[in-house]
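>>> compute the structure for the input listed below.
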Amino acid sequence: MDRLRGFTLFELVVAVAIAAILAAIAVTSYSHYVFRTRRADAKHMLMSIAHSEERWYATYNRYTDDPGKLGYADPFISPHGYYEMTLTVTGADAQAYVVTAMPIGSQAEDVCGHLTIDNAGNKAPSRVDASANANGNCW
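Numbers count the residues shown, from 1 in each chain. Here you go, the predicted structure:
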(Lines give C-alpha, C1' and ligand atoms only; values in the text may rest on other atoms or scores of the structure.)
Protein backbone atom coordinates (compact mmCIF):
# COMPACT_ATOMS: atom_id res chain seq x y z
CA MET A 1 0.00 0.00 0.00
CA ASP A 2 1.35 3.42 -0.94
CA ARG A 3 2.09 5.77 1.87
CA LEU A 4 0.43 9.21 1.66
CA ARG A 5 2.84 12.06 2.19
CA GLY A 6 2.22 15.60 3.36
CA PHE A 7 4.29 18.70 2.91
CA THR A 8 7.84 18.74 4.12
CA LEU A 9 8.98 21.43 6.51
CA PHE A 10 11.11 23.01 3.79
CA GLU A 11 8.14 23.28 1.39
CA LEU A 12 6.07 24.87 4.13
CA VAL A 13 8.79 27.44 4.95
CA VAL A 14 9.13 28.37 1.27
CA ALA A 15 5.37 28.86 0.93
CA VAL A 16 5.24 31.04 4.05
CA ALA A 17 8.21 33.13 2.83
CA ILE A 18 6.52 33.74 -0.53
CA ALA A 19 3.29 34.74 1.23
CA ALA A 20 5.23 37.16 3.49
CA ILE A 21 6.94 38.82 0.52
CA LEU A 22 3.62 39.26 -1.28
CA ALA A 23 2.01 40.68 1.88
CA ALA A 24 4.86 43.20 2.32
CA ILE A 25 4.41 44.42 -1.25
CA ALA A 26 0.64 44.65 -0.83
CA VAL A 27 0.85 46.66 2.42
CA THR A 28 3.28 49.17 0.87
CA SER A 29 1.07 49.66 -2.19
CA TYR A 30 -2.00 50.01 0.00
CA SER A 31 -0.40 52.72 2.15
CA HIS A 32 0.45 54.74 -0.98
CA TYR A 33 -3.18 54.57 -2.08
CA VAL A 34 -4.37 55.61 1.38
CA PHE A 35 -2.13 58.71 1.34
CA ARG A 36 -3.29 59.58 -2.18
CA THR A 37 -6.94 59.16 -1.23
CA ARG A 38 -6.55 61.35 1.84
CA ARG A 39 -4.77 63.95 -0.30
CA ALA A 40 -8.06 64.35 -2.20
CA ASP A 41 -9.46 65.82 1.04
CA ALA A 42 -6.92 68.66 0.83
CA LYS A 43 -7.40 69.18 -2.90
CA HIS A 44 -11.15 69.53 -2.48
CA MET A 45 -10.80 71.98 0.38
CA LEU A 46 -8.14 74.05 -1.44
CA MET A 47 -10.29 74.34 -4.54
CA SER A 48 -13.35 75.25 -2.47
CA ILE A 49 -11.44 78.00 -0.69
CA ALA A 50 -10.04 79.28 -3.98
CA HIS A 51 -13.55 79.47 -5.44
CA SER A 52 -14.82 81.24 -2.33
CA GLU A 53 -11.97 83.74 -2.56
CA GLU A 54 -12.78 84.46 -6.20
CA ARG A 55 -16.44 85.05 -5.32
CA TRP A 56 -15.33 87.40 -2.53
CA TYR A 57 -13.01 89.22 -4.94
CA ALA A 58 -15.81 89.64 -7.49
CA THR A 59 -17.92 91.33 -4.82
CA TYR A 60 -15.38 93.42 -2.90
CA ASN A 61 -12.47 93.78 -5.39
CA ARG A 62 -10.05 92.36 -2.81
CA TYR A 63 -9.35 89.01 -1.16
CA THR A 64 -10.01 88.25 2.49
CA ASP A 65 -7.82 86.41 4.99
CA ASP A 66 -10.75 85.62 7.29
CA PRO A 67 -12.05 82.07 6.69
CA GLY A 68 -15.22 82.99 8.61
CA LYS A 69 -16.17 85.50 5.91
CA LEU A 70 -15.87 82.70 3.35
CA GLY A 71 -18.13 80.38 5.36
CA TYR A 72 -15.47 78.20 7.02
CA ALA A 73 -15.33 77.45 10.73
CA ASP A 74 -12.43 77.77 13.12
CA PRO A 75 -10.33 75.60 13.38
CA PHE A 76 -9.63 75.70 9.69
CA ILE A 77 -9.51 71.93 9.10
CA SER A 78 -10.37 69.89 5.99
CA PRO A 79 -13.70 67.97 6.07
CA HIS A 80 -12.14 64.61 6.99
CA GLY A 81 -9.56 66.12 9.34
CA TYR A 82 -6.37 65.16 7.52
CA TYR A 83 -5.22 68.71 6.69
CA GLU A 84 -5.08 72.06 8.45
CA MET A 85 -5.54 75.07 6.20
CA THR A 86 -3.91 78.48 6.33
CA LEU A 87 -5.00 81.46 4.26
CA THR A 88 -2.58 84.31 3.59
CA VAL A 89 -3.52 87.48 1.72
CA THR A 90 -0.67 89.59 0.31
CA GLY A 91 -0.04 92.42 -2.08
CA ALA A 92 -1.16 95.99 -2.21
CA ASP A 93 -4.87 96.27 -1.41
CA ALA A 94 -5.10 92.49 -0.79
CA GLN A 95 -4.81 91.54 -4.44
CA ALA A 96 -3.19 88.10 -3.95
CA TYR A 97 -3.66 85.07 -1.72
CA VAL A 98 -2.09 81.72 -0.98
CA VAL A 99 -3.93 78.83 0.64
CA THR A 100 -1.81 76.09 2.20
CA ALA A 101 -2.92 72.63 3.33
CA MET A 102 -0.62 71.14 5.98
CA PRO A 103 -1.00 67.41 6.64
CA ILE A 104 -1.81 66.51 10.24
CA GLY A 105 -2.24 63.31 12.18
CA SER A 106 -1.74 60.11 10.23
CA GLN A 107 -1.38 62.07 6.99
CA ALA A 108 1.72 63.91 8.26
CA GLU A 109 3.94 61.18 6.78
CA ASP A 110 2.74 61.92 3.22
CA VAL A 111 5.67 62.49 0.84
CA CYS A 112 3.95 65.45 -0.82
CA GLY A 113 3.95 67.52 2.36
CA HIS A 114 2.16 70.88 2.17
CA LEU A 115 -0.10 71.56 -0.82
CA THR A 116 -0.75 75.14 -1.94
CA ILE A 117 -2.82 77.09 -4.42
CA ASP A 118 -2.66 80.81 -5.11
CA ASN A 119 -4.84 83.42 -6.79
CA ALA A 120 -3.26 82.69 -10.20
CA GLY A 121 -4.22 79.01 -9.90
CA ASN A 122 -0.63 77.82 -9.36
CA LYS A 123 -0.62 74.55 -7.43
CA ALA A 124 2.43 73.20 -5.67
CA PRO A 125 3.51 70.64 -3.10
CA SER A 126 6.27 71.64 -0.70
CA ARG A 127 8.65 69.06 -2.16
CA VAL A 128 11.88 70.49 -3.55
CA ASP A 129 12.41 67.42 -5.75
CA ALA A 130 10.50 68.28 -8.93
CA SER A 131 10.72 64.71 -10.23
CA ALA A 132 8.75 63.53 -7.17
CA ASN A 133 5.80 65.55 -8.46
CA ALA A 134 6.22 64.51 -12.10
CA ASN A 135 2.98 63.81 -13.92
CA GLY A 136 0.98 65.45 -11.15
CA ASN A 137 1.63 62.82 -8.49
CA CYS A 138 0.82 65.26 -5.69
CA TRP A 139 -1.81 67.35 -7.46
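
>>> use CA for all of it now, contacts and neighbours both
Will do.

>>> what about residue 65, neighbour count?
17 (other C-alpha atoms under 10 Å).

>>> tell me the contacts of it?
For residue 65, the contacting residues are 87, 88, 89, 97, by C-alpha atoms under 8 Å, 6 or more residues apart in numbering.

>>> give me the buried entries from the residues you listed.
Buried subset of the contacts of residue 65 (neighbour count, 16 or more other C-alpha atoms under 10 Å): 87, 89, 97.

>>> sticking with the spatially closest residue to the second one that is not a sequence neighbour, tell me its helix or strand.
Counting by C-alpha to C-alpha, 6 or more residues apart in numbering, the nearest residue to residue 89 once its immediate chain neighbours are dropped is residue 97, at 4.2 Å. Secondary-structure element containing residue 97, defined by DSSP states H and E: strand 96-103.

>>> partner strands of that strand and their direction?
Paired with strand 96-103 in the same sheet, following DSSP bridges, are strand 83-90 (antiparallel), strand 115-118 (antiparallel).
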